[in-house]
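> whatever this is, show me its structure:
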Amino acid sequence: MRRRLALAAVTAAGALALAGCGGSGSGGSGSGSDTAELSVDSAYMPQPVSDLAAGFLVISNKGGADDRLTSVGSDIAERVTVHETVDGSMREVDGLDIPARGSLVLESGGSHLMFEQLKRKPKQGQKVSVELRFAHSDPVTVEIPVKSATHTPKHGH
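Below you'll find the predicted structure:
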């Protein structure tokens, strides 16, 4: 029994040492426990009714390091900003944290993306390309589907 435990410990230590020998760890592509591993899902944009639009999505981090959404870009708007809602009041922020082994939920009534000064108004059924930029990970490009202006996700964010 002791021999099996010792062998398991040596194997685990070797695997950890090898995991640490990876590249510089850009965050988005590493699988080690010291990097963020980001993925995006549940993205949508309600069809805009003015020169403003909102964007909602979930950024999951399966990695062992925190990261931060720092900025967003899209060719559809002059500016895309990150907002949080606190006590019913919306305000622009310079970024939002994505905890290790956790997620950042951007949802109606909470933190979200604001597309300002739209260059065109996308219609329901179209997709909007958005680049999410992070403090540590490589940028992630997401194709956000445009839903009806009154869309409510079936599985809440």
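
> residues touching the residue nearest the centre of the chain, list them.
For the chain, residue 59 is the residue whose C-alpha lies nearest the centre (Cα atoms, centre = their mean; 3.0 Å). Contacts for residue 59 (Cβ atoms under 8 Å, 6 or more residues apart in numbering) come out as 38-40, 69, 98, 103-104, 106, 132. All C-beta atoms are positioned from the backbone trio N, CA, C, and that covers glycine.

> which parts of stretch 35-42 are buried?
Buried residues in stretch 35-42, counted by 16 or more other Cβ atoms under 10 Å: 35-38, 40, 42.

> for stretch 119-126, same thing?
So stretch 119-126, judged by 16+ other Cβ under 10 Å, has buried residues residue 122.

> for the chain, what helix or strand is lowest in average pLDDT?
Least confident helix or strand of the chain, by mean pLDDT, DSSP states H and E, is helix 2-19 with a mean of 34.

> beta-bridge partners for residue 132, please?
Assessed by DSSP bridges, residue 132 has beta-bridge partners residue 72, residue 140.

> burial count for it?
By other Cβ atoms under 10 Å, the residues close to residue 132 number 24.

> against residue 123, how distant is it?
For residue 132, the distance to residue 123 (Cβ to Cβ, to the nearest Å) stands at 23 Å.

> now residue 43
Taken as Cβ to Cβ, the span from residue 43 to residue 123 is 17 Å.
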